[in-house]
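J.: this is a predicted model, with the sequence first.
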Amino acid sequence: MPNRTLRDIIDDRELIHAGVDDSVAETVKRMQQAHVGSALIFDHGTLCGIFTGSNLFKQVLSQGRDPNRVRVGDVMTADPLCLECRALGFEAVRLMREHGIRHVAVIRSDGGYGVVSVRDFPNEELGDYEQELEFERKLWEEL
């Protein structure tokens, strides 16, 4: 797998974010305008969650709740997984696979944040990850 760092992936991206009291509808509108599938959620400047399309469907739309009336802080996934920006893309893919998620928050060297998504990794990188897992599995079986 190429040695891309998460910094390489998020360096030129604008962070889509919301406050815990913002409505789901406002947050989704920002996500749509930026063509992204997630927004980091902050409470008084502190990262406290991530909101994704999965949250929208499972906790709002499928329950018949009004996105204009639901606070994003009430339906976000609290305490999102984070990696430092110097981590390799491989590490983000591993976390996504292990936890069944599609987004990982990235802590920038300046203290800011970004997000990587499974969509940031071309199929050949994901395939390389699968090959590494298979190699590791066989290695452990032999030990």
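T.: Cool, got the structure.
J.: mind checking how far Val20 is from Asp43?
T.: According to C-beta to C-beta, to the nearest Å, Val20 stands 5 Å off from Asp43. Just so you know, the C-beta spots here come from the backbone N, C-alpha and C atoms, and that holds for glycine as well.
J.: roughly how far does His56 sit from Ile10?
T.: Slight slip there: residue 56 is Leu, not His. On the measure of C-beta to C-beta, Leu56 and Ile10 end up 22 Å apart.
J.: what segments of the protein are helices?
T.: 6-10, 24-34, 53-59, 72-75, 89-99, 123-142 (DSSP state H).
J.: mean pLDDT for those helices: which is lowest?
T.: The stretch with the lowest mean pLDDT among these is helix 123-142, at a mean of 55.
J.: compare Val20 and Asp43 (neighbour count), which wins?
T.: Between Val20 and Asp43, counted using other C-beta atoms under 10 Å, the more crowded position is Val20 (16 against 12).
J.: residues contacting that one?
T.: The contact partners of Val20, by C-beta atoms under 8 Å, 6 or more residues apart in numbering, come to Ile41, Phe42, Asp43, Cys48, Gly49, Arg71, Val72, Gly73, Met76.
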